[in-house]
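J.: Build me a structure from this.
(one chain, ligands or ions: 1)
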Amino acid sequence: MTVTFIGHGYVGLVTATVFADFGNNVYVIGHTKEKIDNLKKGILPIYEPGLSELVKKNLGAGRLNFTLDYSPGVAESDVVFIAVGTPPISTGDADLSTVLSVAEKIGKNLKNYTIVATKSTVPTGTNKKVQKILESVKPKNADFSYASVPEFLREGTAIDDTLHPDRIVIGTNDKRAQEILIKLHEPIKAPVVITTFETAELIKYSANSFLALKISYANAIAKLSELLGADGVKVLDGVGMDKRIGNLFLSPGPGYGGSCFPKDVRALISLGKDKGYTFTLFEDVENINYQMRREIVIKSRNILGDLSGKRIGILGLSFKPNTDDMRDSPAIDIINLLINDGAEIVAYDPIAIENAKKIPLSINYAKDEYDCAKDADLLILVTDWNEFKKIDFKKIKTLMKKPNIIDSRNIYDPENLKKLGFNYVGVGR
Ligand code: UDX
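T.: You can find the predicted model right below:
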């Protein structure tokens, strides 16, 4: 089949490359010349493990075409996926301007019969707006069906998630579109949920929000455990062993971040509000989440007293390991709160420093974890990168001014660090 993706972010680029690898002829359309020129050379705008090699392989095989032009890709395609960003605006609603503007360009370039499908997470109801645009601008003899095929991939494990998803959701009432989309996804062995557009969209929002809820639940239990003197990590381990609950997404920490959970929880609250429903459950999920950032600062004050002039090393900047994505990363809030208290910040991340530098943060960057610990009064682990698990703490202790560590992801053994002479503080422990 011939398939076009509009957008080359985590969703667009990964899914396009995987579909090319299945043997499809794939167009990827962007709007920044520099990024498209780079992609043609195999230089990616994002960091995702394994993706660079897969892009190069499929570029070499002539199955991946990066372009700024909607023609001929859209006209030749069986399916055109919209995979552009829908960042939140100040009200919490998703910004649909890019989705709507690309819909117009797709519509103008349609020919014969094409399925236009959204991969971007868009609020229920957007389908009507997009269909109206496609209908009003398309050439007379062109025909299309509209579908929602939400994406569930995670950054850092995006290729594997695309190849082995828990389910494929296809939202369209049109039988012909259902058949073509099922055929396109045939190489992926997963249960297929066929449903309406509205239901497909709400599956995506509801799944992400539930995972965010699980994390906020874990964070609330961790906080309560600290207050009661219980071991929150053990509590959550014990809870997660119940198969009805499951142990995934139950790790307490500095709160969820990234481009999906914060945005989708806000959008769900806002969707409810539009219909007169106050989704207090998710308002609490958000409150608990952002309180976790503040908790790190409270712990820092408990250790150091006045933070003014204190040197604090931050290990990890991206919102989670194996990505350079800084969107809604807990590190940003934590750093800004510490700076407000007068602390002097030095930070290190294995991959995300270049992206962090695009955010106005008044901090210094270290060249590695040891450089970050040098003369520090406190070291805070924010992102659980694998390389931080192998740190030589004997060496770190000789470098730090005071051996204080806050382990916001509970990756270290408290007893080991205490034996080495560290003042160790985790989350829920
Ligand atoms: C998420 C969804 O998992 C994915 O299905 C959807 O398509 C996009 O959004 P992603 O944002 O890439 O994926 O990352 P994910 O691994 O889900 O982590 C999200 C955030 O939750 C991170 O900040 C992570 O550190 C945090 N998290 C995750 C926890 O704090 N505790 C956990 O137990 C799990």
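
J.: need the contact list for the residue nearest to residue 87 when sequence neighbours are not counted.
T.: Computed as Cβ to Cβ, 6 or more residues apart in numbering, the closest residue to residue 87 that is not its neighbour in sequence is residue 95, at 5.2 Å. In this view, the C-beta of every residue, glycine as well, is placed from N, C-alpha and C. For residue 95, the contact set (Cβ atoms under 8 Å, 6 or more residues apart in numbering) comprises 85, 86, 87, 88, 89.

J.: Wait, a helix at residue 37?
T.: Yes: applying DSSP: H, G, I helix; E, B strand; the rest coil, one finds residue 37 inside a helix.

J.: Quick one: neighbours of it, just the number.
T.: 13 (other Cβ atoms under 10 Å).

J.: same thing with residue 120?
T.: Counted with other Cβ under 10 Å, residues neighbouring residue 120 total 25.

J.: Okay, it and residue 85: tell me how far apart.
T.: 7 Å (Cβ to Cβ, to the nearest Å).

J.: got it, and residue 192?
T.: Between residue 192 and residue 85 the computed distance is 26 Å (Cβ to Cβ).

J.: Which one's more surrounded, the two?
T.: Legend: neighbour count by other Cβ under 10 Å for residue 192 and residue 85, higher for residue 85 (18 against 15).

J.: Tell me the secondary structure of that one, please.
T.: Three-state call for residue 85 (three-state DSSP): coil.

J.: what sits against it?
T.: By Cβ under 8 Å, 6+ apart, the contact set of residue 85 is 7, 9, 95, 98, 120, 259.

J.: Which member of these is positioned nearest the ligand?
T.: Of all the contacts of residue 85, the ligand sits closest to residue 259, with 6.2 Å by Cβ to the nearest ligand atom.

J.: Now the element after the biggest helix by length in the chain, going C-ward?
T.: The longest helix of the chain (DSSP state H) is helix 197-228. Per DSSP states H and E, helix 197-228 leads on to helix 232-240 as the next helix or strand towards the C-terminus.

J.: any residue of that next one up close to the ligand?
T.: No: contact of helix 232-240 with the ligand (Cβ under 6 Å from any ligand atom) is absent, the minimum separation being 9.0 Å.

J.: which residues are contacting that helix?
T.: Contact with helix 232-240 is made by 218, 221-226, 245-248, 250-252, 410, 426-429, as judged by Cβ under 8 Å, 6+ apart.

J.: ok, and for the next helix or strand after it, which residues are buried?
T.: Scanning forward in sequence from helix 232-240 by DSSP H and E, the next helix or strand is helix 261-274. Residues 261, 262, 263, 264, 265, 266, 267, 268, 269, 270, 271, 272 are the ones in helix 261-274 that count as buried (16 or more other Cβ atoms under 10 Å).
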